[in-house]
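Asks: return atomic coordinates for the entry below.
(one chain, ligands or ions: 1)
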Amino acid sequence: MRIGIVGAGNLGVAIGSRLAERGHHITISFARTPDKVQAAANSIGHDASGGTPREAVQDAEVVVLATPWTVTIETVTELADALAGKVLWDTTNPFAPTMDELLIGTSTSAGEEVAAAVPGATVVKAIAPFAEALTGASVDGPRPTVFVCGDEDEARRTVASLVGDLDADPVDAGPLKLARFTEPAGMLVTNLAYVRGLGAGIALVLHR
Ligand SMILES: NC(=O)c1ccc[n+]([C@@H]2O[C@H](COP(=O)([O-])OP(=O)(O)OC[C@H]3O[C@@H](n4cnc5c(N)ncnc54)[C@H](OP(=O)(O)O)[C@@H]3O)[C@@H](O)[C@H]2O)c1
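Replies: As a prediction, this is how the structure comes out:
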């Protein structure tokens, strides 16, 4: 698929690298300098290219949103016309910079706030595993669970398939509103990793 990524940081590059290895065509965007965007594209390799957010979005079948929460709403609002009709895979965590507090949650979610800002897009919330897990050597054990929430079945299936391409285990969690509960779970595992010192080798796994 043609995948546009908005967010040329750790997660954007990690997702882009995994998906490029699986044959997807990546355009990555969004950093403070064009050099950083180009470095991100070079790091992904294969036929990945760098561009502006608008360039990353315009030909994409799926757009991955991997921006810091504090700039997310203004970024998608600026791109709202280009995002119309697209599947927008939201990976953002609405964290305070201290990583011990959600800036919004339980009565709404980052996913729902993104959807409200871009009503023409189909938003699917699926918080990817840690970038370190995506870029590190594969380890034995169960695949990390990624809960997939969105209001359109086909869009949820599309994102679930891409989550599978990350070697994670997609779990269909139903409507976008369920992001109110999956985002706090992301808060928990991130706090355990980076504040409580367990490190980025941990992941949530749904035991069936
Ligand atoms: N990293 C993970 O393992 C992980 C896992 C799951 C979810 N997430 C979520 O994914 C999102 C991205 O995380 P990340 O770790 O990839 O963050 P990151 O490494 O800090 O990357 C953020 C990207 O956004 C760019 N950016 C930030 N502010 C900008 C601005 N004002 N104008 C233009 N570009 C700007 C940064 O560019 P500069 O470098 O030039 O500032 C960078 O390319 C977050 O919401 C995070 O919670 C991350």
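Asks: centre-most residue in the protein?
Replies: By C-alpha atoms, centre = their mean, the chain has its centre lying nearest to Thr91, at 2.6 Å.
Asks: confidence score at that one?
Replies: pLDDT, Thr91: 98.
Asks: from Arg196, how far off is it?
Replies: The gap separating Thr91 from Arg196 is 22 Å, by C-beta to C-beta, to the nearest Å. In this view, the C-beta of every residue, glycine as well, is placed from N, C-alpha and C.
Asks: one more: Gly105?
Replies: Gly105 is 19 Å from Arg196, by C-beta to C-beta.
Asks: likewise for Thr98?
Replies: 13 Å.
Asks: which one's more surrounded, those two?
Replies: Shown here are Thr98 and Arg196; by other C-beta atoms under 10 Å, Arg196 has more neighbours (12 against 8).
Asks: what separates the closest residue to Ala203 other than its chain neighbours from the ligand, distance-wise?
Replies: The shortest distance from Ala203 to any non-neighbouring residue, by C-beta to C-beta, 6 or more residues apart in numbering, is to Pro144 (3.4 Å). Look at Pro144 and the ligand: by C-beta to the nearest ligand atom, to the nearest Å, they are 10 Å apart.
Asks: list the contacts of Pro144.
Replies: 129, 133, 168-169, 203-205 (C-beta atoms under 8 Å, 6 or more residues apart in numbering).
Asks: please consider this matter closed, and thank you.
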